[in-house]
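S.K.: Below are the sequence and a predicted model for it; my questions follow.
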Amino acid sequence: MPTPTLTDAEIADALQKLPGWDRDGDSIVRTATLPDFESAIAVVDRVAEDAEDADHHPDIDIRYATLTFRLSTHSEGGLTAKDVDLAAQISDRLSTAGG
């Protein structure tokens, strides 16, 4: 079932509730630095589980202890509630891990 894309106003509102996330075109992006490589990979593992449960997968860039997450609903050609929901989960994972 298609998921409707969010309007610019809805995206702006969602980003106000997602500290650290920024819009980059049809994506939202967050970069965080964790205490060490092991902590970063643990976050990636947990986000992978969340993504599988949601059937929605972020692009993840790993640079030692620095992680960059990029979310977009490619099948819908933009940002949807799926992106906002997973961003909130990622933020929780990062916060718990010290990022």
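M.R.: Cool, the structure landed.

S.K.: tell me the contacts of the most centrally placed residue in the chain?
M.R.: For the chain, the residue nearest the mean C-alpha position is residue 87 (3.6 Å; CA atoms, centre = their mean). Counting by CB atoms under 8 Å, 6 or more residues apart in numbering, residue 87 touches 14, 18, 21, 28, 30, 69, 71. In this view, the C-beta of every residue, glycine as well, is placed from N, C-alpha and C.

S.K.: what about it, helix or strand, and which?
M.R.: For residue 87, the enclosing helix or strand under DSSP states H and E is helix 81-97.

S.K.: can you pull out the strands in the chain?
M.R.: Secondary structure of the chain (DSSP state E): strands located at 22-24, 27-33, 59-63, 66-71.

S.K.: from the chain's centre, how far out does the last one sit?
M.R.: Right, the one you point to is strand 66-71. Put simply, strand 66-71 sits 7 Å off its chain's centre (CA atoms, centre = their mean, to the nearest Å).

S.K.: what about the chain, any weak spots by pLDDT?
M.R.: When the per-residue scores of the chain are filtered using pLDDT under 70, the ranges that remain are 1.
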